[in-house]
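1. I'd like to go over a predicted model; first the sequence, then the structure.
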Amino acid sequence: MPPQRVIIVRHGRTEYNREGLFRGLLDVPLDSVGLEQAERTATFIVERLGVTAETTRAIYSSRLSRAMATAAPTARRLGGAPVTHPGLLDVDVGRWEGRAIADVLATEGSVYQAWASNPASFAYPGGESLRVVHERGRALLAEILAGPGGDYLLFTHRVPAKLLVAAALGIGPEAFWRIQIDNAALSVLERDAAGGGFVVTLLNATEHLR
């Protein structure tokens, strides 16, 4: 069986990222910087990580356009097309969608502090909990482990990317604030020697963006 890698890519920058606004399920497109980041990411995946059409088993993406647009240049170079997967969808931030952190702090300061101090038990008001997103990620990794070797490319968002890494490490949402995932950053998981899990071999790589 060929080696199995999972390459996790957070989408490129959007205007909402630049302005520090909550995004969630809002379908915010990449800005010009994000589009350039997507191209640079594709180059890194193909030229530095050595992913080829032959090694690629799947190109999965969140259905939101910012993730699909980040996946598009890589898929084009590999001669495939991204397939949407529910395990990569961003967290539903409920009534915080489109709002600035300062606005949330001014109106729901105690709720925001719960988010900052105890993510493992937090649920966005009117939205989802991190635990639900974590379970989606765990299910996706189990699905990949059950499949053939090769490269699996996952294009997603900050929250699911962090929780996929946590799931690979065997920990839960309590680690959320201890994992850094920047826009268009790549993280890599490789199947461990026993074949029952993953080893994190690259985390939050951004050298291709400089």
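-> Alright, I've got the coordinates. Numbers count the residues shown, from 1 in each chain.
2. wait, what's in contact with residue 38?
-> Shown in contact with residue 38 (C-beta atoms under 8 Å, 6 or more residues apart in numbering): 12, 30, 69, 70, 71, 72, 73, 74, 184. C-beta here means a position set from N, CA and C on the backbone, and glycine is covered the same way.
3. so it is in which element?
-> Assessed by DSSP states H and E, residue 38 sits inside helix 32-43.
4. list the helices and strands the next helix or strand after that helix packs on?
-> Per DSSP H and E, the first helix or strand lying C-terminal to helix 32-43 is strand 56-61. Contacts defined by 3 or more C-beta pairs under 8 Å, 6 or more residues apart in numbering; DSSP states H and E place strand 56-61 against helix 65-78, strand 83-84, strand 150-156.
5. what's the angle between strand 56-61 and helix 65-78?
-> 160 degrees (axes from the mean of the first three to the mean of the last three C-alpha atoms, to 10 degrees).
6. For the closest residue in space to residue 183 that isn't next to it in sequence, the count of nearby residues, please.
-> Residue nearest to residue 183 in three dimensions, not counting chain neighbours: residue 13, with 4.6 Å by C-beta to C-beta, 6 or more residues apart in numbering. Residue 13 has 23 neighbours, counted by other C-beta atoms under 10 Å.
7. what pLDDT does residue 13 get?
-> On the pLDDT scale, residue 13 is placed at 98.
8. Likewise for the one 3 residues further on?
-> We note a pLDDT of 97 for residue 16 in this prediction.
9. Report the separation between it and residue 187.
-> 22 Å (C-beta to C-beta, to the nearest Å).
10. do residue 77 as well
-> Distance from residue 77 to residue 187, by C-beta to C-beta: 20 Å.
11. who's in contact with the helix or strand bottoming out on mean pLDDT in the chain?
-> Sorting the helices and strands of the chain by mean pLDDT, DSSP states H and E puts helix 101-117 at the bottom, at a mean of 94. With contacts defined as C-beta under 8 Å, 6+ apart, helix 101-117 is touched by 20, 22, 96, 122, 124, 125, 177.
12. List the buried residues in it.
-> 104, 108, 111, 112, 115 (16 or more other C-beta atoms under 10 Å).
13. Pull out the buried residues from the next helix or strand after it.
-> Following helix 101-117 in sequence order, the next helix or strand is helix 130-145 (DSSP H and E). Of the residues in helix 130-145, 130, 131, 133, 134, 135, 136, 137, 138, 140, 141, 144 count as buried by neighbour count, 16+ other C-beta under 10 Å.
14. Looking at residue 16 and residue 187, which has the bigger crowd around it?
-> Using other C-beta under 10 Å as the criterion, residue 16 and residue 187 rank with residue 187 on top: 24 against 19.
15. wait, is the more buried one part of a strand?
-> Yes: assessed by DSSP: H, G, I helix; E, B strand; the rest coil, residue 187 belongs to a strand.
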